[in-house]
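okay, structure incoming, though there's no sequence with it:
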């Protein structure tokens, strides 16, 4: 009996030793032996794995005292607070650039060395970070692993999911220090701040125009190329911008979503509503530089400025008459059509007595 127990103990010890040896060999043979059971990530140390798993639990115990942003690690909070203080302790030795995080500095230094570490196997793109390569490869596979728990939307990047979730919560943590505006994304705040600074980094290569957003530059460049990618499915009219197409489609649907709060009028475009509201407020922001006369719409100011220039661009194709405004030309053309003009629309000219006797 004693012999049997001793033999079993030796067998158990042998199996345990083999298991431990196998695990040890696995750790020795792997640079990142600690794998997350919820995603494909692996880590060199157990503590790194534990910190990573906080992402899956959603726990964010560290709160910023300035903007109330919550972070899962105190070290992330420390780095985040540098944005508020403007502190950039990690300085490039080659150029004047400085960074809040050492990892950002390391990635930046690769620009000077020309070293590219992570290449995409499906296209010529290359990246300084493996995580950026992983995000990029999803554009080829169409994979969207980051799903919103409140709606059916899914995203290829976790950062895009976080930004989207704020549309449900209404959270706008990125506040402008110069005006009351706040934004869900830091990139939107960065673009907005250019309105205050006047910075327009996106310059057109074909004309002197510059823009504060790359999307505005792309739309502008279509003026030079003649490209109109946004086509109406009803009348096939095409537009440079998708917003112009949306406004146009309302002509077909009859939709007028921009309603005046002071009268029953409604408009297709928000700009038309703003112009209309000036009738109620009496605001006339568009002032003539020659005579100081003011108007509530820019088109009215342009028509008025023609009177100073003596220009009459709207010419009648039947007779030599010309007019300052297109509406005056339309009223005049009724005379040639043989229709009786509305009293309010009738425009008398020096030649009127010849037509009416």
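Looks like it arrived, so ask away. These figures come from a predicted structure and were not determined experimentally.

pick out the residue nearest the middle of this structure.
residue 188 (6.4 Å; C-alpha atoms, centre = their mean).

excluding sequence neighbours, find me the nearest residue to that one.
Nearest non-adjacent residue to residue 188, counting by C-beta to C-beta, 6 or more residues apart in numbering: residue 174, 7.0 Å away. No exception for glycine: its C-beta is placed from N, CA and C like everyone else's.

show me what that neighbour is bridged to.
residue 183 (DSSP bridges).

show me what contacts it?
By C-beta atoms under 8 Å, 6 or more residues apart in numbering, the residues touching residue 174 are 67, 182-186, 188-189.

show me which of those are buried.
Buried members of these, counted by 16 or more other C-beta atoms under 10 Å: 183-185, 189.

of the residues you listed, closest to residue 153?
Nearest to residue 153 among these: residue 184, at 14.4 Å, using C-beta to C-beta.

ok, so what distance separates that closest one from residue 297?
33 Å (C-beta to C-beta, to the nearest Å).

please identify the helix or strand for residue 161.
helix 158-169 (DSSP states H and E).

quick one: contacts of that helix?
Outside helix 158-169, the residues touching it (C-beta under 8 Å, 6+ apart) are 55, 146-148, 150-151, 153, 155, 172-173, 184-185.

what about those, which are in helices?
residue 55 (DSSP state H).

in strands, which of the contacts of helix 158-169 appear?
146-147, 155 (DSSP state E).

quick one: the helices in the stretch 201-350 of the chain?
With helices called from DSSP state H, counting those that start in this stretch, the stretch 201-350 of the chain shows them at 214-225, 242-253, 270-281, 298-309, 326-337.

which helices and strands sit right next to the first one?
Read it as helix 214-225. Where contact means 3 or more C-beta pairs under 8 Å, 6 or more residues apart in numbering; DSSP states H and E, helix 214-225 is packed against strand 202-203, strand 210-211.

next one: the last one to chain centre, how far?
Right, the one you point to is strand 210-211. Distance of strand 210-211 from the chain centroid (C-alpha atoms, centre = their mean, to the nearest Å) equals 16 Å.

partners of that strand, with directions?
strand 202-203 (antiparallel).

quick one, domains of the chain?
56-115, 256-311, 312-357 (automatic domain parsing).

TSV for those domains, including distance to residue 32 and mean pLDDT?
Shown next, in TSV, are the domains of the chain (distance: least, C-beta to C-beta, whole Å; pLDDT from 0 to 100):
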stretch	distance to residue 32	mean pLDDT
domain 56-115	17	79
domain 256-311	53	88
domain 312-357	72	69
